[in-house]
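J.: model the following, please.
(one chain, ligands or ions: 3)
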Amino acid sequence: MTAPAPVRPVLDNAAQPPDSGSPRRVRGGMLDPKQLLLALPEALRKLNPVALLRNPVMFVTEVGAALTTFIAIGHPSLFGWLITGWLWLTVVFANLAEAVAESRGKAQADSLRRTRQQTTARRVVGWEPGASAASYLEETVPSAELQRGDTVVVAAGELVPGDGDVIEGVASVDESAITGESAPVIRESGGDRSAVTGGTRVLSDRIVVRITQQPGESFLDRMIALVEGANRQKTPNELALNLLLVMLTFVFLVAVVTLQPMAIFSKEFMKAAPDTAALNAQGVTGIVLVSLLVCLIPTTIGALLSAIGIAGMDRLVQRNVLAMSGRAVEAAGDVNTLLLDKTGTITYGNRQASGFLPIGSVPPGRLARAAVLSSLADQTPEGRSIVTFARRHYQLPEQDAAVTDGATWVPFSASTRMSGVDLPDGRRLRKGAVAAVALWVREHGGEVPASLDACVEQVSASGGTPLAVAEYEGEEPARLLGVVHLKDVVKPGLAERFAELRRMGIRTVMITGDNPATAKAIAEEAGVDDFLAEATPEDKLALIKREQAGGHLIAMTGDGTNDAPALAQADVGVAMNTGTSAAKEAGNMVDLDSDPTKIIEIVEIGKQLLITRGALTAFSIANDIAKYFAILPAMFGGVYPALNAVNIMHLHSPASAILSAVIFNAVVIIALIPLALRGVRYRPSSASALLTRNLWVYGLGGVIAPFLAIKFIDFALVQFIPGI
Ligand SMILES: Nc1ncnc2c1ncn2[C@@H]1O[C@H](COP(=O)(O)OP(=O)(O)OP(=O)(O)O)[C@@H](O)[C@H]1O
Ligand SMILES: [K+]
Ligand SMILES: [Mg+2]
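T.: Numbers count the residues shown, from 1 in each chain. Ligands and ions are numbered 1, 2, ... in the order given. Now for the predicted structure:
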């Protein structure tokens, strides 16, 4: 089988230089006119009125265009046809905005589709932990036939046939097909780095994978649907805004239809514009009414609303974040509190044993031996590292198998925070979080020696995780043997990014199952505002619910199975791609780069989305009202001479006033497409300062723009059209 060239999902149009650094920071705000042209067929397809019903403002515009077309056919005139043409263009421009926004995702989906190829899977039957290759049956099946719960073997050089969790082994995996990142990553059983994705390639070693997807519902499938916007739903905010737009449209519809002086106006109008004499008064009335209506209803925001939302999702994909819903993106813009789990999110999560600290007179070898025996079946990275470390540094007897034959293993769980073994000779060994093991010792008649504190202190102060090891033989009381030092490293550069979040008004809280002393050391080093230690999955969930009850919007970043309930409860749940399938299923976003500081960019994109939508709504409504006042005096000056006093525009004629306004109304959509796609710039500052600034810029801009633009169109173009 030949290796497919790694395809970046985050690819960009050819115009982008390939060496633009990070694959994410590409594609500026410039809108290539070629893109508009390419999107034109799709824009024309979107003229289908049934499809357009989703966008009521544009639907009304299309009905208006159809009406004027009718009138213009019945009573042909240049004025009638020009208005009709520009009304149709208005709808096409709106469709173009959406089509351009969508086309960006389509290109990405195409490249992902090339990654999703048929492979064969080596499915095994009768697999058991630790079984040798000879002891189970292997069959070759097409990857498409894999079911959830199947077990497959993947060896070096082979493609992972489907999404799943590693249940045995460690391997380096090339995930560039999904993440665009060429450096291989480690995937291993047991820990928080156990998820593998179909379509990625195992580079070394051999892993056993339990499939977690159903056919056709793979991560890649979902990713394709997502970037294509196939199942894009309107968000609650969009629905609310849409309702407002519908109401405005309705109000203006009623207002325009009941305009009394229209009939008188029509007669005056025909006198002023001889060309239109071909039109009867009713025809003029119809065309002018439709024009007025389209100028008044919020066509600008109606045209750009969906493009703004799609572009927001797209900006996330640019940064290698997959958002499962637009609602999550919006929520990100309003987040108050960010919860991060410690291991794997703030730290690299590769906790390795780095020392044994026996208590009192316990011989170091005995502690090491107990630690190893209790870890032999522990498939977590911590457990495996204890075995490796002890074997390397201590002379340990090799008859493990004889001692543990028939033993009952106690697997690690985030709730008990312990793991261990009950040996057939009656000995019970436990290792785990100090508080949990201390409790176990007391429950079994033992005492916790005061010297434990010093050992724990020593490990915790350095940010390490202490694991207590204890033994219980049944006759004597249980005994604490000592502490294993697990080392972890804080990811660099976090403190600055958390400071940035603070400036955005977002509080960062680290939550961990680790003890308070370790948590404190790591919290200080990472620069978070607060921390919660010794948290069980239930505690994490409760914390989120409490914060939400206080009216806060919560974002949560995590990678572990123990984070899954919290990720599901959070308003924004960002799962690390390195994490477990459970975490990725639970969250509403996946960060392919597994970078906990990515949430800053996610928040920025969310805020930018909300600001852009707000700014363009303000602009659109200000614009419509101003447009009305710009053309009214020109229209009715003949009927009500008093209006001439406020006719500051001095437009060429009533017909020109109307045509110029309709042209402006259409052109402003095209002019604002780049802004809708790129988003209004966001700088960290308080929400109210931002609001004030944007109201000034876009509100005032919306009032002034029509006066200047309509005058310009009238002066430079329309006045030269004969008969208008
Ligand atoms: N394999 C293991 N065997 C026994 N105890 C363990 C094992 N792994 C971790 N522990 C203990 O259980 C505690 C809780 O682990 P858990 O994975 O729930 O949280 P964590 O990884 O420390 O924190 P985070 O929530 O940030 O991932 C750890 O702090 C450690 O003391
Ligand atoms: K309008
Ligand atoms: Mg963890």
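J.: most proximal residue of the stretch 401-550 of the chain with respect to ligand 2?
T.: Met504 (34.3 Å; C-beta to the ion). For the C-beta atoms, the positions are set from N, CA and C on the backbone; glycine is no exception.
J.: before we move on, what about the stretch 501-650 of the chain?
T.: Per C-beta to the ion, Asp624 is where the stretch 501-650 of the chain lies closest to ligand 2, at 4.6 Å.
J.: just checking, that residue touches Val294?
T.: No - using C-beta atoms under 8 Å, Asp624 is not in contact with Val294; the gap is 9.7 Å.
J.: who has more neighbours out of the two?
T.: Shown here are Asp624 and Val294; by other C-beta atoms under 10 Å, Val294 has more neighbours (27 against 22).
J.: show the average pLDDT along the one helix or strand Ala255 maps to.
T.: Assigning secondary structure by DSSP states H and E places Ala255 in helix 236-257. What helix 236-257 shows for mean pLDDT is 86.
J.: contacts for that helix?
T.: 56-57, 60, 234, 289, 292-293, 296-298, 301-302, 305-306, 309, 326-327, 330, 610, 613, 617, 621 (C-beta atoms under 8 Å, 6 or more residues apart in numbering).
J.: same check on stretch 701-718?
T.: Stretch 701-718 has contacts (C-beta under 8 Å, 6+ apart) with 618-623, 625-627, 630-631, 649, 651-652, 656-657, 659-661, 663-664, 667-668, 724.
J.: so it, near ligand 2 or not?
T.: No - Stretch 701-718 lies out of reach of ligand 2 by C-beta under 5 Å from the ion, never closer than 9.6 Å.
J.: kindly export that stretch (C-alpha atoms) in CSV.
T.: The C-alpha trace of stretch 701-718 is given here as CSV (Å, rounded to 0.1, in the frame of the first residue of the first chain):
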residue,chain,number,x,y,z
GLY,A,701,-21.3,55.5,9.6
GLY,A,702,-24.7,53.9,8.8
VAL,A,703,-26.4,57.3,9.0
ILE,A,704,-23.8,59.2,6.9
ALA,A,705,-23.0,56.6,4.3
PRO,A,706,-26.3,56.7,2.4
PHE,A,707,-26.3,60.4,2.0
LEU,A,708,-22.8,60.5,0.5
ALA,A,709,-23.2,57.3,-1.6
ILE,A,710,-26.6,58.1,-3.0
LYS,A,711,-25.5,61.6,-3.9
PHE,A,712,-22.4,60.2,-5.6
ILE,A,713,-24.4,57.5,-7.6
ASP,A,714,-27.0,60.2,-8.6
PHE,A,715,-24.3,62.6,-9.7
ALA,A,716,-21.8,60.3,-11.3
LEU,A,717,-24.2,57.8,-13.0
VAL,A,718,-27.9,58.0,-12.8
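J.: buried stuff in it?
T.: For stretch 701-718, burial by neighbour count (16 or more other C-beta atoms under 10 Å) applies to 702-703, 705-706, 709-711, 713-715, 718.
J.: just send those back as a markdown table, with pLDDT and secondary structure too.
T.: Below are those laid out as a markdown table (pLDDT from 0 to 100; DSSP: H, G, I helix; E, B strand; the rest coil):
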| residue | pLDDT | secondary structure |
| --- | --- | --- |
| Gly702 | 90 | helix |
| Val703 | 90 | helix |
| Ala705 | 90 | helix |
| Pro706 | 89 | helix |
| Ala709 | 90 | helix |
| Ile710 | 89 | helix |
| Lys711 | 88 | helix |
| Ile713 | 91 | helix |
| Asp714 | 87 | helix |
| Phe715 | 85 | helix |
| Val718 | 77 | helix |
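J.: helix or strand right after the helix or strand of the chain with the lowest mean pLDDT?
T.: Least confident helix or strand, the chain: helix 262-272 with a mean of 62, by mean pLDDT, DSSP states H and E. Next along the chain after helix 262-272, taking DSSP H and E as the criterion, comes helix 281-296.
J.: what's near enough to touch the residue of the stretch 501-650 of the chain found nearest ligand 3?
T.: Residue nearest to ligand 3 within the stretch 501-650 of the chain: Gly560 (4.0 Å; C-beta to the ion). Residues counted as contacts of Gly560 (C-beta under 8 Å, 6+ apart) are 192, 341, 343-344, 414, 579-580, 583.
J.: output these as JSON lines; include the columns neighbour count.
T.: Formatted as JSON lines, these follow (neighbours: other C-beta atoms under 10 Å):
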{"residue": "Asp192", "neighbour count": "26"}
{"residue": "Asp341", "neighbour count": "29"}
{"residue": "Thr343", "neighbour count": "26"}
{"residue": "Gly344", "neighbour count": "28"}
{"residue": "Ala414", "neighbour count": "16"}
{"residue": "Gly579", "neighbour count": "31"}
{"residue": "Thr580", "neighbour count": "27"}
{"residue": "Ala583", "neighbour count": "30"}
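J.: how big is the angle separating the helix holding Ala255 from helix 281-296?
T.: Relative orientation of helix 236-257 versus helix 281-296 (axes from the mean of the first three to the mean of the last three C-alpha atoms, to 10 degrees): 150 degrees.
J.: how distant is stretch 197-216 from the center of its chain?
T.: 24 Å (C-alpha atoms, centre = their mean, to the nearest Å).
J.: got the end-to-end distance for it?
T.: Start-to-end span of stretch 197-216 (C-alpha to C-alpha, to the nearest Å) is 13 Å.
J.: show me which residues of it are buried.
T.: By neighbour count on 16+ other C-beta under 10 Å, the buried set for stretch 197-216 is 197-202, 205, 207-213.
J.: just those: which are in strands?
T.: Within the buried residues of stretch 197-216, residues falling in strands by DSSP state E are 201-202, 207-211.
J.: is the residue in the stretch 151-300 of the chain that ligand 1 sits nearest to in a helix, a strand, or coil?
T.: Closest residue of the stretch 151-300 of the chain to ligand 1, C-beta to the nearest ligand atom: Asp192 (6.6 Å). Three-state call for Asp192 (DSSP: H, G, I helix; E, B strand; the rest coil): coil.
J.: neighbours around the residue in the stretch 151-300 of the chain that ligand 2 sits nearest to, how many?
T.: Closest contact between the stretch 151-300 of the chain and ligand 2, by C-beta to the ion, is at Thr299 (3.6 Å). Using other C-beta under 10 Å, Thr299 has 28 neighbouring residues.
J.: sounds good, over and out.
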